[in-house]
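Make a model of this:
(chains A, B, C and D)
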2 protein chains.
Amino acid sequence: MATIAVENYLKHALLLAERSPDGLVPMGELASALAVVPGTATTMVKALADSGLVVHEPRRGLRLTPEGRRVALNVLRKHRLVETFLVNVLKMDWAQVHAEAEQLEHAISDAVLDRLDALLGHPATDPHGDPIPSVEGTLNSAVYATLATCATEAPLRVVRVTDQSADFLTFAEAHGLRPGTTARVVDRNLPAGLVTLRRPRGKPFALSLSAAGRIWVEPADSP
Amino acid sequence: MATIAVENYLKHALLLAERSPDGLVPMGELASALAVVPGTATTMVKALADSGLVVHEPRRGLRLTPEGRRVALNVLRKHRLVETFLVNVLKMDWAQVHAEAEQLEHAISDAVLDRLDALLGHPATDPHGDPIPSVEGTLNSAVYATLATCATEAPLRVVRVTDQSADFLTFAEAHGLRPGTTARVVDRNLPAGLVTLRRPRGKPFALSLSAAGRIWVEPADSP
DNA sequence: GGATATATTTTGACAGTTCAAAATAAATCC
DNA sequence: GGATTTATTTTGAACTGTCAAAATATATCC
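Reported below is the predicted structural model:
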């Protein structure tokens, strides 16, 4: 049985590998995702390699093995289903649930997970729009445009918010930027690094290009 | 913040202290409740004493301090509310939920606990009839008669089943012995160590005196 | 292409939790 | 009341996961 630390290493390795073309995760990125010093990550990755969960390519990084990926997807599935439960059933603030799920993901059994999944109606995404891995281990990693890159003026629907910090999520919610809500980009000022948005029947407001890059959107039908 | 090990030591110390008149818990009992060798318990209890969570009386045992009791009650509250959630909401088998709650009790925050408590309607007992400590830290430890000690013939209602083993709970449920159900003792044969029961519209069946001692009952009004 | 900056690994140490086995204290039993 | 049994504590060691800091590759930059 994987320890909590092992589950965390694998989960973060998966998240980083998803955002890298070749699946190679540099040691330093893993270390800072886990908030440990680089030497600690090296030590742990060697142990994971001995267990067959990752392949360690010295001085280059690590890759998940199929078994490591399987474990990581199971943890991620727990994390995201727990988040969904906390928001949809317990009506908790979506800005808080990430931290709660970080703990619960390691304590919940597969049996409980199945019941939770059924209770929630087998959701495809969590409250942030992050895709929930299936029981079979598939992860929908569709890539969308963001408010930093999408067309201006056209109506948009928010589909995902890729930042787990409570501050950012509280800000986003305060401006109506949750998955499912609609908005349009009225201006994008690259030199100033600003994107100006407008929600239906709302006042225009601005956010930084880097913040805008964390709001994923798709074209919306109605204006 | 208390570690998982610390929470477990305190929780078991509380459970053992409740069943001891003077609140003194012998080291060996604690060690076997936690499934560790006695030396380990000694080491840990000394550390807990240094943290002010217990008082260690060498060669006699330990006692919870008010602070240790507070932490233990919080863990026990989490355990029992989680069990209630798993049975009432997720419809899990009552024989399994103890093991699940052993993990979840250490991962659930006070914020989640409050929501869960509200969702469940502030229950007073868990599915086994074990009292749920209040947020304020009071624990109803009323003592009832058991099937081993109660009057015969009179109608009874099961109020509590004090055995967490899945086998026993499955057996009890199969015979309709869950809190809320009714039965009567039709015979008690002390030399043979047997108690014979009868459920309304059911066939008489027997169980051992020691098993009967784990089924707590109160007089029921209707026959 | 040698100097410098950056990333990674190695080394030694520590905290927490555990066990095995020896030592010690307390209780019990003729 | 001395011998024996039983409970507890001590001692020495192991394992997991971590850090600090030194050592070592690798990449980059004139």
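
any idea how far residue A:214 is from the closest residue to residue A:128 other than its chain neighbours?
Counting by CB to CB, 6 or more residues apart in numbering or on different chains, residue A:128 lies nearest to residue A:161, which is 5.0 Å off, once chain neighbours are set aside. All C-beta spots, glycine's among them, are computed from the backbone N, C-alpha and C. Between residue A:161 and residue A:214 the computed distance is 6 Å (CB to CB, to the nearest Å).

Between those two, which contacts overlap?
Listed as contacting both residue A:161 and residue A:214 by CB atoms under 8 Å, 6 or more residues apart in numbering or on different chains are residue A:168.

picking up where we left off before, pretty sure the residue nearest to residue A:128 is touching residue A:179, no?
Yes - with contacts counted by CB atoms under 8 Å, residue A:161 reaches residue A:179, the gap being 6.9 Å.

what about the lengthiest helix in chain A and DNA strand D, any contact?
Using DSSP state H to define each element, chain A has its longest helix at helix A:66-88. No - judged by CB under 7 Å from any atom of the strand, helix A:66-88 makes no contact with DNA strand D; its nearest approach is 13.1 Å.

Count the neighbours of the residue nearest to residue A:128 for me.
Look at residue A:161: counted by other CB atoms under 10 Å in any protein chain shown, it has 21 neighbours.

Give me the spatial nearest neighbour of residue A:94, chain neighbours excluded.
That would be residue A:127: by CB to CB, 6+ apart, it lies 4.7 Å from residue A:94.

ok, that neighbour to residue A:160 distance?
Separation of residue A:127 from residue A:160 (CB to CB): 10 Å.

and what of residue A:28?
26 Å.

Likewise for residue A:67?
From residue A:67 to residue A:160 the distance is 28 Å (CB to CB).

cool, residue A:31 as well?
Residue A:31 is 26 Å from residue A:160, by CB to CB.

And for residue A:7?
On the measure of CB to CB, residue A:7 and residue A:160 end up 24 Å apart.

Export stretch A:203-222 to CSV, keeping only CA atoms.
Coordinates of each C-alpha in stretch A:203-222 appear next as CSV, following Å, rounded to 0.1, in the frame of the first residue of the first chain:
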residue,chain,number,x,y,z
LYS,A,203,-19.8,46.2,-15.5
PRO,A,204,-16.5,45.7,-17.3
PHE,A,205,-13.6,44.8,-15.1
ALA,A,206,-9.9,44.1,-15.7
LEU,A,207,-7.5,41.3,-14.7
SER,A,208,-3.9,40.6,-15.5
LEU,A,209,-2.9,38.6,-18.5
SER,A,210,-1.4,36.0,-16.2
ALA,A,211,-4.6,35.7,-14.2
ALA,A,212,-6.6,35.5,-17.5
GLY,A,213,-4.4,32.6,-18.6
ARG,A,214,-5.8,30.6,-15.7
ILE,A,215,-9.4,30.9,-16.9
TRP,A,216,-10.2,28.4,-19.6
VAL,A,217,-13.1,29.2,-22.0
GLU,A,218,-15.0,27.9,-25.0
PRO,A,219,-17.2,29.7,-27.4
ALA,A,220,-20.7,30.2,-26.0
ASP,A,221,-23.8,30.0,-28.2
SER,A,222,-26.0,32.7,-26.8
